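Chemist: Generate a structure from the sequence data that follows.
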Amino acid sequence: MKTAMQLVETAMADIETLTVAQAQQVVAAGDVLLVDLRDVRECKREGKIHGAVHVPRGMLEFWIDPQSPYHKPELATDKKLLFFCAAGWRSALSTKTAKDMGFDNVAHIEGGFGAWRKAGAPIDPPPKD
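Modeler: So this is what the prediction gives:
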């Protein structure tokens, strides 16, 4: 049996990982589509990275697949799909999955949303109830 962290480590060895600084550069240049894989409750509680498309982790494969009846046209782009989650684990697995599906232009943010926030990168605050 493999642990979840072993799966993450295996994925990390086979994917492109961007630091927060690198991610900020490609976002500013307009070269990527940010894909937020966090649970909707995490987004509501912690805020969002401006311009990110929210994709529930459990729907990723179906939403990025042009042959799927659940495909989301906003994910059909020539831009690099730059995945992130809270800590970088779900996004590492998602990047590996997308790569295994044949998507070459994919990467994830090291440390995820937590690293983005810690670096002082801009965040859209959570909505006030």
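Chemist: can you tell me which residue is nearest the centre of the protein?
Modeler: The centroid of the chain falls nearest to residue 83 when counting by CA atoms, centre = their mean (1.6 Å).
Chemist: Lowest-scoring secondary structure element of the protein by mean pLDDT?
Modeler: helix 40-46 (a mean of 95; mean pLDDT, DSSP states H and E).
Chemist: which stretches of this structure form helices?
Modeler: Per DSSP state H, the chain carries helices over the ranges 4-12, 20-28, 40-46, 60-64, 89-100, 112-118.
Chemist: So which other helices or strands are in contact with the first one?
Modeler: Judged by 3 or more CB pairs under 8 Å, 6 or more residues apart in numbering; DSSP states H and E, helix 4-12 is in contact with helix 89-100. C-beta here means a position set from N, CA and C on the backbone, and glycine is covered the same way.
Chemist: who does the helix it packs on touch, helix- and strand-wise?
Modeler: Applying 3+ CB pairs under 8 Å, 6+ apart, one finds that helix 89-100 contacts helix 4-12, helix 60-64, strand 80-84, strand 106-109, helix 112-118.
Chemist: Sweet, I'm off.
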